[in-house]
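J.: Structural data only, the sequence is not supplied:
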C-alpha cells in the first residue's frame with residue numbers, strides 16, 4: 001500500500017490533451033510525449049500527406065527507440081530526470097525534426113543507436129472506468145510466456161522472468177552493440193520496460209484510457225491508435241483496426257500488419273503505401289502479430305467501454 005500511496009504519476013501536455021502515465025523505468029510515457037512534440041511541429045506546418053506522414057512517424061519512432069535506452073530506474077541512476085526533461089524539450093523536438101528526411105530512411109547509426117535494444121515480452125493490459133469515471137490503465141507482465149517457467153508449488157503462482165529485461169554488462173548483442181549501462185541489473189532495481197498505460201484528459205474531463213500489450217509492439221501500437229482517433233478523428237473501430245507499422249533498429253526493418261480478422265475483413269497496408277515506403281528505403285517485413293490495444297473512449301456524452309483486441313489475426317469487441 002505504501003508503494004501505491006507514494007506513486008507519482010507523470011503528466012504531459014500533448015496536442016491539447018493532458019496525458020497521465022508512468023515515470024521511468026517504463027519508457028512509454030516519455031516516448032509518447034517526445035514523439036508528439038515532434039509530430040506537432042509537422043501539424044503546425046499543415047503537412048497532411050498520408051503516406052509521407054506515415055514515413056515521418058516511422059522515422060521519429062526510430063529516434064525514440066534509440067533515445068529510450070538512456071532511461072532507467074531513477075532510484076538507481078543519477079540524472080534520469082534531466083534525460084527526461086531533455087527528451088521532452090521543444091529544442092529536442094526541433095533537433096529530431098531536422099534529422100528526419102522526407103526523402104529517405106537511414107542506417108541505425110544515424111539515429112544514435114548506441115546500445116542493444118530492449119526486447120521485453122508477454123504483457124497484459126486492461127482499462128477500467130467506473131460509473132463515477134474513476135479510471136485505471138494497468139499493464140502487468142510475467143515477461144516471456146509462462147514467465148520464468150517455474151510455478152510456486154504452494155500458491156500456484158507462475159513466477160515472472162523479469163530479470164531478462166535487465167542489461168547484462170558482459171553480454172554484447174549479435175549486432176555488436178553493448179548493453180545499456182542505465183539498465184544494468186542490481187538488487188531491488190526496476191528494469192526498463194515498454195509499458196505505456198495512459199489516462200487522457202481534456203479540460204479536466206476524462207476523454208480516454210488506453211494501453212497495450214505486446215512487449216516491443218506496445219509503443220508503436222498505442223501511438224498509432226492515439227493519433228488515429230484523437231488527431232485524425234477516426235472512429236474507435238477505425239482507429240484500432242487500421243493497419244499498423246512497427247519499426248525496428250536492429251535489424252533495420254519495418255514490420256507491417258497483414259491479417260484477416262474474424263468477420264473476413266483484411267487488414268493490410270495498401271500497395272500504394274508499401275511502394276511509397278519502399279521508395280524511401282524502408283525494408284518492409286509482413287507480420288500477423290501486433291500489439292493488443294485496449295481503449296476506453298468518451299464520445300459526445302455517450303460513455304462506452306470499448307475493449308478491442310487485435311493480435312494473431314483476431315479482434316474482439318466487448
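T.: Right, received. Where do you want to start? Note that this is a predicted model, so its numbers are computed, not measured. Numbering: from 1, shown residues only.
J.: and residue 149, which of the three is it?
T.: Following DSSP: H, G, I helix; E, B strand; the rest coil, residue 149 is assigned to coil.
J.: For the closest residue to it other than its chain neighbours, the count of nearby residues, please.
T.: In this structure, residue 149 finds its nearest non-sequential neighbour in residue 161, 7.3 Å apart by C-beta to C-beta, 6 or more residues apart in numbering. C-beta here means a position set from N, CA and C on the backbone, and glycine is covered the same way. Per other C-beta atoms under 10 Å, the neighbour tally for residue 161 reads 19.
J.: again with residue 155
T.: 8.
J.: Tell me if I am right that it is in a strand.
T.: No: counting by three-state DSSP, residue 155 falls outside a strand, being coil.
J.: Next one: it from residue 146, what distance?
T.: 15 Å (C-beta to C-beta, to the nearest Å).
J.: swap in residue 220?
T.: According to C-beta to C-beta, residue 220 and residue 146 sit 26 Å apart.
J.: circling back to that earlier point, tell me the contacts of the residue nearest to residue 149?
T.: 142, 143, 144, 147, 148, 149 (C-beta atoms under 8 Å, 6 or more residues apart in numbering).
J.: burial count for residue 145?
T.: 10.
J.: what about it, helix or strand, and which?
T.: According to DSSP states H and E, residue 145 maps onto no helix or strand at all.
J.: This structure: strands as residue ranges?
T.: Remark: strands assigned in the chain by DSSP state E are 10-14, 17-21, 123-129, 135-141, 198-202, 205-213, 245-247, 254-260, 266-268, 284-287, 292-299, 302-304, 309-311, 314-316.
J.: Give me the residue at the spatial middle of the chain.
T.: Centroid-nearest residue in the chain: residue 219, 1.0 Å away (criterion: C-alpha atoms, centre = their mean).
J.: There's contact between that residue and residue 194 in this structure, I believe.
T.: Yes: Residue 219 is within contact range of residue 194, at 5.6 Å (criterion: C-beta atoms under 8 Å).
J.: list the residues that contact both of these two?
T.: 27, 28.
J.: So what does the closest residue to residue 164 other than its chain neighbours look like in phi/psi?
T.: Closest residue to residue 164 apart from its sequence neighbours, by C-beta to C-beta, 6+ apart: residue 143 at 5.6 Å. Per-residue torsions, residue 143: phi 70, psi -120 (degrees, to the nearest 10).
J.: Pretty sure residue 296 sits against residue 208.
T.: Yes: judged on C-beta under 8 Å, residue 296 makes contact with residue 208 at a distance of 6.5 Å.
J.: Where does the prediction get shaky in the protein?
T.: 1-10, 44-49, 120-122, 172-176, 290, 299-318 (pLDDT under 70).
J.: can you give me the helices in it?
T.: Along the chain, the stretches classed as helices by DSSP state H are 2-6, 28-44, 50-67, 80-87, 90-99, 218-226, 236-241, 271-279.
J.: Between those, which one is closest to residue 129.
T.: Among the helices of the chain, helix 236-241 comes nearest to residue 129, with 14.0 Å by C-beta to C-beta.
J.: May I see the buried residues of the closest one?
T.: 236, 239, 240, 241 (16 or more other C-beta atoms under 10 Å).
J.: tell me what it is packed against?
T.: strand 292-299 (3 or more C-beta pairs under 8 Å, 6 or more residues apart in numbering; DSSP states H and E).
J.: for residue 51, what are its contacts?
T.: With C-beta under 8 Å, 6+ apart, residue 51 has these contacts: 272, 273, 276, 277.
J.: picking that back up, tell me which of the helices of the chain is the most buried.
T.: Stretch with highest mean neighbour count among these: helix 218-226 (a mean of 26; mean count of other C-beta atoms under 10 Å).
J.: This completes my enquiry, with thanks.
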